[in-house]
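Asks: show me how the following folds:
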Amino acid sequence: MLFRKKKEVRELRTFEDLTRFPQAFYKTIGEDLYSHRDKNLIRRYLLRFYLVLGFLNFNAYVVGEIAYFIVHIASTTTLLEATAVAPCIGFSFMADFKQFGFTVNKLRLVKLLDDLKEMFPKELERQRAYNVSYYQKHMNSVMTLFTILCMTYTSSFSFYPAIKSTIKYYFMGSEIFERNYGFHILFPYDAETDITVYWFSYWGLAHCAYVAGVSYVCVDLLLITTITQLTMHFSYMADTLEAYDGGEHTDEENIKFLHNLVVYHSRALDLSEEVNNIFSFLILWNFIAASLVICFAGFQITASNVEDIVLYFIFFSASLVQVFVVCYYGDEMISSSSRIGHAAFNQNWLPCSTEYKLILKYIIMRSQKPASIRPPTFPPISFNTFMKVISMSYQFFALLRTTYYG
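Replies: Below you'll find the predicted structure:
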């Protein structure tokens, strides 16, 4: 009996269990989603200082990348070198823009999470009915894979030159320790002659890449978290509605059931619209930048040596997965909210009153316009959007190859 009780306690989830990972990961660069509620002022300001310092360092290196790109893009003989830094610039712009969008919408996002927390099932039996454990495991698997792939990109670019130089110098008998960097940067000073200056610049660049990777990933992780919760609620509504048998209840009970479901459905739709308002513009620029990044990374894969091919293939894969994950969850939101109309039609409504059928009709009509994320100029985010982004990337890629090979 005692063992069974402990097992049930472990099965009980809290809302924080589903949001802990992106929040904890964001804190590693100094961003605290609930900083305005932190009563420890010293910790709050230290985290803010660390965040600002990290982004100042990050954008200083981005300026160096842009300078390198401008210097090398002017000549066709150095076009390959220029396009090598272009994906990194695109990735940096996305990280900057995501962080800016997060900062602007931070309080709205906190309010959204508070509303989702209020709707979250607290009791174990209700969590089983909502299938919370399945959604948590599925979400954690996607977030873990996505995070590892994106951080592998930044880590491989950051540490590969140092690892390569260390192996050649200490284990292969190289006479000099090659002082290279993982990213192409035009430094305003000599960053290679003095070893102290080199390592200071190198680790500053490595931290810059980490800041970019975390800010790039965490906004998408928060999007995944919110959509997962909304999908869970829509699916629960559909399952409950389809399983309901109006013939086994009184007319008053049937009307009360539909009234509660309509209120519940309306609230979930309002929160879905708020998700769209917070993330839609970020996703628009994300898709545009991702198209260019995939294009330039693909070009490097077709025109570089073996070492660069491996690095840029990781970059290429991370960008593809990022776009796919966003489109996948957009598609999940559409399909789960659309299910409610099908569930309403499939239930046993024949023995019910005319009023009940009329309300059911309105639920079906409302479900014809499913919840979705709608970036400006783009259709609602779905798998079709993923194909559109790939098509844009290929068009840029074809143009770039034509320009390079004549």
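Asks: which residue is nearest the centroid of this structure?
Replies: The residue lying closest to the centre of the chain (CA atoms, centre = their mean) is Asp220, at 1.6 Å.
Asks: so Pro188, which of the three states?
Replies: coil (DSSP: H, G, I helix; E, B strand; the rest coil).
Asks: find the nearest non-adjacent residue to it, please.
Replies: Nearest non-adjacent residue to Pro188, counting by CB to CB, 6 or more residues apart in numbering: Gly64, 7.8 Å away. No exception for glycine: its C-beta is placed from N, CA and C like everyone else's.
Asks: could you point out the longest helix in this structure?
Replies: The longest helix of the chain (DSSP state H) is helix 251-303.
Asks: can you name the next helix or strand after it?
Replies: Note on helix 251-303: by DSSP states H and E, the next helix or strand toward the C-terminus is helix 306-346.
Asks: chain center to that following helix, what's the gap?
Replies: Mean-position distance between helix 306-346 and its chain equals 10 Å (CA atoms, centre = their mean, to the nearest Å).
Asks: got it, and stretch 34-45?
Replies: The answer for stretch 34-45 is 25 Å, by CA atoms, centre = their mean.
Asks: what about that stretch, average pLDDT?
Replies: Mean pLDDT, stretch 34-45: 90.
Asks: list the buried ones in it?
Replies: By neighbour count on 16 or more other CB atoms under 10 Å, the buried set for stretch 34-45 is Ser35, Arg44.
Asks: going forward, begin numbering at 435 instead of 1
Replies: Happy to do that; since the first residue is 435 now, the last one works out to stretch 468-479.
Asks: which residues does that stretch contact?
Replies: Residues outside stretch 468-479 that contact it (CB atoms under 8 Å, 6 or more residues apart in numbering) are Gln457, Asp466, Leu481, Arg482, Leu541, Val544.
Asks: among those residues, which pair sits farthest apart?
Replies: Across the contacts of stretch 468-479, the longest distance by CB to CB is 17.0 Å; it joins Leu481 and Leu541.
Asks: out of those two, which sits in the busier spot?
Replies: Leu481 (18 against 10; other CB atoms under 10 Å).
Asks: the more buried one is in contact with Lys461, isn't it?
Replies: Yes - Leu481 is in contact with Lys461 according to CB atoms under 8 Å; the separation is 7.1 Å.
Asks: what's the local residue count around Met573?
Replies: 21.
Asks: which SS class is it?
Replies: Met573 - assigned by three-state DSSP - is helix.
Asks: also Cys786?
Replies: Going by three-state DSSP: Cys786 is coil.
Asks: which residues touch it?
Replies: With the criterion set at CB under 8 Å, 6+ apart, Cys786 makes contact with Gly680, Gly681, Asp685, Asn688, Leu794.
Asks: neighbour-wise, which one of those residues leads?
Replies: Asn688 leads the contacts of Cys786 on contacts (other CB under 10 Å) with 24 neighbours.
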